[in-house]
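Novice: sequence first, predicted model second:
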Amino acid sequence: MIWRTHLFQKGVFLELLEKNRLYSSGLIVQDEAIAAKRLCKIIVSCPKVCLDNELDQSGIRVSEVIVEKVLEKFENAGILAYRFFEWAGRQRSYDHSVRAYHTVIESLAKIRQYELVWDLVNTMRSKGILNIETFCIIMRKYARAQKVDEAVYTFNVMKKYDVSPNLAAFNGLLSALSKSKNIRKAQEIFDDQKNHFIPDSKTYSILIEGWGRAPNLPKARDIFREMVSSGCDPDIVTYGIMVDVLCKAGRIDEAINIINEMESCGYKATSFIYTALIHAYGNENRIEDAIDTFLQMERNNVKPDVAIYNALIGAFCRVNKFRNAMKIFDEMCAKELKPNARSLNILISGLIDHGKSDAVVNIFLRMKKVCDPDADTYTMMIKVLCQGNKVGSALKLLKYMESKHIVPSMHTLSVLINGLCSKGDVSQASVLMEEMIERGMRPGRQTFGKLRQLLLKKDRKDVLEFLQEKLSLLVKEPLCD
């Protein structure tokens with residue numbers, strides 16, 4: 001029995017050594033990935049009233065890498081990210097990196113906590129670390145929330161913060177407006193300011209892409225012609241965007257003409273351009289043309305990437321050839337090109353669109369071993385389970401998702417709350433609603449309204465008032481500077 005005792009003691013010793021390695025006062029280098037994972041677990045499981053104390057008790061010495069890893073994990077839970085950010089900022093021998101500030105600003109802006117965003121901007125100014133990208137992030141988030149005036153205000157107020165707006169900031173504003181379907185406002189600002197900020201190929205590319213999304217193909221063509229006539233030569237990115245715009249408009253022949261023009265100027269088609277063509281053929285159910293394009297790309301020695309394979313998976317899914325789509329997964333793995341969450345999401349979405357929801361769960365269980373699901377994957381799966389009257393399984397999947405340190409988004413929780421309401425489970429729905437609000441997420445009117453009706457039906461006005469009070473305590477969203 002002596003050898004058993006010896007091994008046991010050795011095991012205990014190794015365990016203590018590991019803890020010291022992770023949580024020592026810094027004499028031994030920490031395993032940053034494990035430390036970040038441990039912090040995430042504390043943040044998710046600990047009530048906010050004792051969160052700081054639990055984080056202190058962890059004994060983990062934070063570093064730039066650890067903090068950035070944790071903040072990235074909580075990109076969809078702004079308030080949790082902010083609480084951790086505040087705690088980390090109080091630790092000795094540590095200062096937040098610019099990247100950490102940017103990550104938490106993005107997280108807070110997602111849930112429209114703009115007052116906190118501007119508080120952080122002021123802190124960055126006091127530390128002398130504000131830069132162009134800080135304002136570009138805020139412009140993007142305002143534009144995405146359809147707060148166009150606030151996005152423009154952010155650009156105009158840069159000088160007040162001693163950051164001079166340059167062409168990169170100007171392009172950032174145009175891009176933010178363009179991608180949020182406010183291309184007319186972007187064009188208006190471009191026309192007004194183009195003599196002050198001399199446009200480059202990126203400027204014109206942003207506008208071409210924006211008008212393509214509108215969709216307004218004639219205007220996209222006009223901007224392309226204006227670019228050439230102004231003496232600004234299109235680069236490979238501009239050509240790629242123009243091809244993509246034409247493909248999305250179903251003008252594949254015209255897109256091929258642009259590719260021929262591009263090649264005559266010495267540019268070779270990129271993987272992005274081939275992806276655009278395969279997407280277009282897939283949308284028109286021209287699967288043979290999609291396959292031919294893929295083979296042509298290989299003949300031209302363009303190395304296929306995940307995006308191209310995803311386009312091909314999507315093309316097969318649209319024509320209900322899921323076995324072929326699965327073979328694409330196998331080919332990717334054989335080439336040591338790991339499928340991503342987008343690969344899985346395309347396949348699941350295709351199965352749902354073709355009414356094959358019963359097959360979704362089996363595909364998910366099989367493919368999650370090959371690629372890592374993301375928040376969108378879990379949201380789709382939870383919705384499928386709720387629609388199949390398997391709300392209990394959906395709740396279990398939510399817990400599994402969180403065990404993988406993937407923080408559910410507002411959409412994920414909303415889907416589950418709606419499913420619980422449909423089942424009449426007012427208790428669990430209320431718990432999730434409280435959790436959503438605690439994380440700083442504003443529930444959609446439809447979701448909150450559905451729960452409200454159920455609470456009134458169940459004569460639980462007390463719970464409704466409690467949730468409404470919680471909701472009113474969320475930080476307001478004024479335009480602050």
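Specialist: Arrived safely, thanks for sending. Numbering: from 1, shown residues only.
Novice: ok, residue 405 - contacts?
Specialist: The contact partners of residue 405, taken as CB atoms under 8 Å, 6 or more residues apart in numbering, are 37, 40, 41, 44, 73. Any C-beta I mention is one placed from the backbone N, CA and C, and that applies to glycine too.
Novice: typo on my end, residue 322
Specialist: By CB under 8 Å, 6+ apart, the residues touching residue 322 are 316, 347, 350, 351, 356, 359.
Novice: how near is residue 422 to residue 409?
Specialist: For residue 422, the distance to residue 409 (CB to CB, to the nearest Å) stands at 20 Å.
Novice: of those two, who's got more company?
Specialist: Neighbours per residue (other CB atoms under 10 Å) separate residue 422 from residue 409, with residue 409 holding more: 21 against 15.
Novice: the more buried one touches residue 75, doesn't it?
Specialist: No: using CB atoms under 8 Å, residue 409 is not in contact with residue 75; the gap is 9.1 Å.
Novice: give me the phi and psi for residue 194.
Specialist: phi -70, psi -20 (degrees, to the nearest 10).
Novice: and what of residue 371?
Specialist: Dihedral angles (degrees, to the nearest 10) for residue 371: phi -140, psi 160.
Novice: run a quick neighbour tally on it.
Specialist: Residues contacting residue 371 under the criterion other CB under 10 Å number 20.
Novice: and for residue 135?
Specialist: 22.
Novice: quick check: phi and psi at the residue lying closest to residue 328 once chain neighbours are set aside.
Specialist: Among residues not flanking residue 328 along the chain, residue 313 sits closest, at 5.0 Å (CB to CB, 6 or more residues apart in numbering). Backbone torsions of residue 313, given as degrees, to the nearest 10, read phi -60, psi -40.
Novice: what strand or helix carries residue 392?
Specialist: Taking DSSP states H and E as the definition, residue 392 sits inside helix 391-403.
Novice: what's the mean pLDDT across that helix?
Specialist: Averaging pLDDT along helix 391-403 yields 93.
Novice: other residues contacting that helix?
Specialist: Contacts to helix 391-403, defined as CB under 8 Å, 6+ apart, come from residues 44, 375, 378, 381-382, 385-386, 408, 412, 416, 419-420, 423, 425, 428.
Novice: how far off centre is that helix?
Specialist: 21 Å (CA atoms, centre = their mean, to the nearest Å).
Novice: buried sites along it?
Specialist: Within helix 391-403, the residues that count as buried by 16 or more other CB atoms under 10 Å are 391, 393, 394, 395, 397, 398, 401, 402.
Novice: could you do stretch 429-439 as well?
Specialist: Neighbour-count burial for stretch 429-439 [16+ other CB under 10 Å]: 429, 430, 432, 433, 436, 437, 439.
Novice: quick one: neighbours of residue 337, just the number.
Specialist: Look at residue 337: counted by other CB under 10 Å, it has 15 neighbours.
Novice: if I read this right, residue 60 contacts residue 38, doesn't it?
Specialist: Yes: using CB under 8 Å, residue 60 is in contact with residue 38, at 6.5 Å.
Novice: for this structure, give me the ranges with low pLDDT.
Specialist: 1-30, 475-481 (pLDDT under 70).
Novice: so where do the strands sit in it?
Specialist: With strands called from DSSP state E, the chain shows none.
Novice: higher neighbour count, residue 60 and residue 38?
Specialist: residue 60 (22 against 18).
Novice: before we move on, back to that, now, which of the contacts of helix 391-403 sits nearest residue 151?
Specialist: Nearest to residue 151 among the contacts of helix 391-403 is residue 375, at 25.2 Å by CB to CB.
Novice: need the contact list for that closest one.
Specialist: When contacts are counted by CB under 8 Å, 6+ apart, residue 375 touches 76, 401, 406, 407, 408, 409, 412.
Novice: returning to what we had before: may I have the helix holding residue 392 exported as CSV, CA atoms only?
Specialist: Extracted in CSV, the C-alpha atoms of helix 391-403 (Å, rounded to 0.1, in the frame of the first residue of the first chain):
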residue,chain,number,x,y,z
VAL,A,391,-37.9,23.2,-24.7
GLY,A,392,-36.3,21.1,-22.0
SER,A,393,-33.6,20.1,-24.5
ALA,A,394,-33.2,23.7,-25.5
LEU,A,395,-32.5,24.7,-21.9
LYS,A,396,-29.9,21.9,-21.6
LEU,A,397,-28.3,23.1,-24.8
LEU,A,398,-28.1,26.6,-23.4
LYS,A,399,-26.3,25.3,-20.3
TYR,A,400,-23.9,23.3,-22.6
MET,A,401,-23.3,26.4,-24.7
GLU,A,402,-22.4,28.4,-21.5
SER,A,403,-20.1,25.5,-20.3
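Novice: quick one: buried residues of stretch 458-478?
Specialist: The neighbour-count check on stretch 458-478 (16+ other CB under 10 Å) flags 460, 463, 464, 467, 474, 477 as buried.
Novice: same question, stretch 106-117
Specialist: Across stretch 106-117, burial judged by 16+ other CB under 10 Å covers 106, 107, 108, 109, 110, 111, 112, 113, 114, 116, 117.
Novice: still on that earlier bit, with distance to residue 283 and neighbour count added, can I get the contacts of residue 322 in CSV?
Specialist: Formatted as CSV, those follow (distance: CB to CB, whole Å; neighbours: other CB atoms under 10 Å):
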residue, distance to residue 283, neighbour count
316, 13, 23
347, 17, 26
350, 13, 23
351, 18, 23
356, 20, 14
359, 23, 15
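Novice: which one of these sits closest to residue 93?
Specialist: Residue 93 lies nearest to residue 347 out of the contacts of residue 322, by CB to CB, at 47.1 Å.
Novice: quick check: the closest one vs residue 294, distance?
Specialist: Taking CB to CB as the measure, residue 347 falls 17 Å from residue 294.
Novice: cool, and residue 342?
Specialist: Applying CB to CB to residue 342 and residue 294 gives a distance of 17 Å.
Novice: among those two, which residue is more densely surrounded?
Specialist: Between residue 342 and residue 294, residue 294 has the larger neighbour count (other CB under 10 Å), namely 22 against 18.
Novice: what sits against the closest residue to that one other than its chain neighbours?
Specialist: Of all residues not flanking residue 294 in the chain, residue 312 sits nearest, at 5.9 Å (CB to CB, 6+ apart). Counting by CB under 8 Å, 6+ apart, residue 312 makes contact with 278, 282, 290, 291, 294, 328.
Novice: many thanks, have a good one.
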